[in-house]
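*Asks:* Kindly generate the corresponding structure for this input.
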Amino acid sequence: GQRSFRECIDRELTKWRNETLPKAVLNTVESNAFADRLMEYLQVSTPENEPLFKALQPSRQQLQDALKSDFVQWCGAAVPRNFRAALHEGGSPQAKSAIEAAMKEVIQ
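*Replies:* This is a model prediction of the structure:
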């Protein structure tokens, strides 16, 4: 009767909530159309998107950490080797010491 109908509806709603809806949301969020609309929405800060705009904006420390990480990754191996070679060929001891100290600081 009414109980089995309610159980059937509850079961379908639970299945829809736990399986179908999350898949649909994920598919939508991962689509190019969604990414394009989101980027369009975030191009300019407005009263509607300001909280999201602020939440997505990296802090100064995050930017510095990212730049340092990129620098180490992109240049970390090549720069010390090239500087050492140049300094060994005729650099002054003061310049050699300053550059090696700076490179150690950046790599850490």
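
*Asks:* so where's the chain uncertain?
*Replies:* Counting by pLDDT under 70, the chain shows low-confidence ranges at 76-91, 108.

*Asks:* can you pull out the helices in it?
*Replies:* Secondary structure of the chain (DSSP state H): helices at 2-15, 21-29, 32-42, 50-56, 60-75, 78-88, 93-107.

*Asks:* mind putting those helices in a markdown table, mean neighbour count included?
*Replies:* Just so you know, the C-beta spots here come from the backbone N, C-alpha and C atoms, and that holds for glycine as well. Written out in a markdown table, the entries for the helices of the chain read as follows (neighbours: other C-beta atoms under 10 Å):
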| stretch | mean neighbour count |
| --- | --- |
| helix 2-15 | 9 |
| helix 21-29 | 10 |
| helix 32-42 | 11 |
| helix 50-56 | 10 |
| helix 60-75 | 11 |
| helix 78-88 | 13 |
| helix 93-107 | 12 |
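
*Asks:* what's the distance between Q73 and V106?
*Replies:* Taking C-beta to C-beta, to the nearest Å as the measure, Q73 and V106 are separated by 12 Å.

*Asks:* again with R6
*Replies:* R6 is 66 Å from V106, by C-beta to C-beta.

*Asks:* and what of L26?
*Replies:* The value you get for L26 to V106, if C-beta to C-beta is used, is 40 Å.

*Asks:* next one: F34
*Replies:* F34 is 38 Å from V106, where distance means C-beta to C-beta.

*Asks:* just E50 next, same as before
*Replies:* In this view, E50 and V106 are 36 Å apart by C-beta to C-beta.

*Asks:* cool, S92 as well?
*Replies:* When distances are taken as C-beta to C-beta, S92 and V106 turn out to be 21 Å apart.

*Asks:* Dump stretch 20-40 to PDB, restricted to CA.
*Replies:* Taking only C-alpha atoms (Å, rounded to 0.1, in the frame of the first residue of the first chain), the coordinates of stretch 20-40 have been written out as PDB:
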ATOM      1  CA  THR A  20      22.800  10.400 -10.400                       C
ATOM      2  CA  LEU A  21      23.000  14.000  -9.100                       C
ATOM      3  CA  PRO A  22      26.700  13.900  -8.200                       C
ATOM      4  CA  LYS A  23      27.600  12.400 -11.600                       C
ATOM      5  CA  ALA A  24      25.500  15.100 -13.400                       C
ATOM      6  CA  VAL A  25      27.100  17.900 -11.400                       C
ATOM      7  CA  LEU A  26      30.600  16.500 -12.000                       C
ATOM      8  CA  ASN A  27      30.000  16.200 -15.700                       C
ATOM      9  CA  THR A  28      28.700  19.700 -15.800                       C
ATOM     10  CA  VAL A  29      31.600  21.200 -13.800                       C
ATOM     11  CA  GLU A  30      34.200  19.300 -15.900                       C
ATOM     12  CA  SER A  31      32.800  20.600 -19.200                       C
ATOM     13  CA  ASN A  32      34.400  23.200 -21.300                       C
ATOM     14  CA  ALA A  33      31.200  25.200 -21.400                       C
ATOM     15  CA  PHE A  34      31.200  25.500 -17.600                       C
ATOM     16  CA  ALA A  35      34.800  26.500 -17.500                       C
ATOM     17  CA  ASP A  36      34.300  29.100 -20.200                       C
ATOM     18  CA  ARG A  37      31.300  30.600 -18.300                       C
ATOM     19  CA  LEU A  38      33.100  30.600 -15.000                       C
ATOM     20  CA  MET A  39      36.100  32.400 -16.500                       C
ATOM     21  CA  GLU A  40      33.800  34.900 -18.100                       C
END
